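Student: Model the following, please.
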Amino acid sequence: MSRASKPTKAIAYLRVSTAAQEENGAGLDLQMTRINKFAQAAGFDVIETFRDVQTGAGEDSLKKRPGIQEAIARSKKTGYPIIVDGLDRFSRNT
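Tutor: Sure thing, here's the model as predicted:
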């Protein structure tokens, strides 16, 4: 990407499994730090962030997480990619 190019827009998605992890904040903060570092290196500008506090385990885990549903809907509408800190943040059921 040249310096004159504008960054490509992207969506960030963060997930922790428990309320205690959310209250601690370290898991969400670390995920956002890693996402921002990747985005900057890859030429993305994170314009929206969605998050959930819900386990990623189970076949219906995507249905139980409103944040991921909103991120997917926004991505479909805009064509912006969703950046996660790891695939296990998106889903444990591959």
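Student: Could you list the low-pLDDT ranges of this structure?
Tutor: Counting by pLDDT under 70, the ranges of the chain that qualify are 1-7, 20, 22-26, 55-60, 62, 91-94.
Student: In it, spot the helix with the most residues.
Tutor: If you go by DSSP state H, the chain has its longest helix at helix 26-42.
Student: Return the set of residues that bridge with the residue most central in space within the chain.
Tutor: With distances taken as C-alpha atoms, centre = their mean, residue 13 lies nearest the centre of the chain, 1.4 Å away. Beta-bridge partners for residue 13, by DSSP bridges, are residue 50.
Student: Pull the contacting residues for it.
Tutor: Residues near residue 13 by C-beta atoms under 8 Å, 6 or more residues apart in numbering: 49-51, 67-68, 71, 82-84, 89-90. To be clear about C-beta, it is placed using only N, CA and C from the backbone, and glycine gets the same treatment.
Student: Name the residues of the longest helix of the chain that come out as buried.
Tutor: Using 16 or more other C-beta atoms under 10 Å as the test for burial, helix 26-42 gives 27-28, 31-32, 34-35, 38-39.
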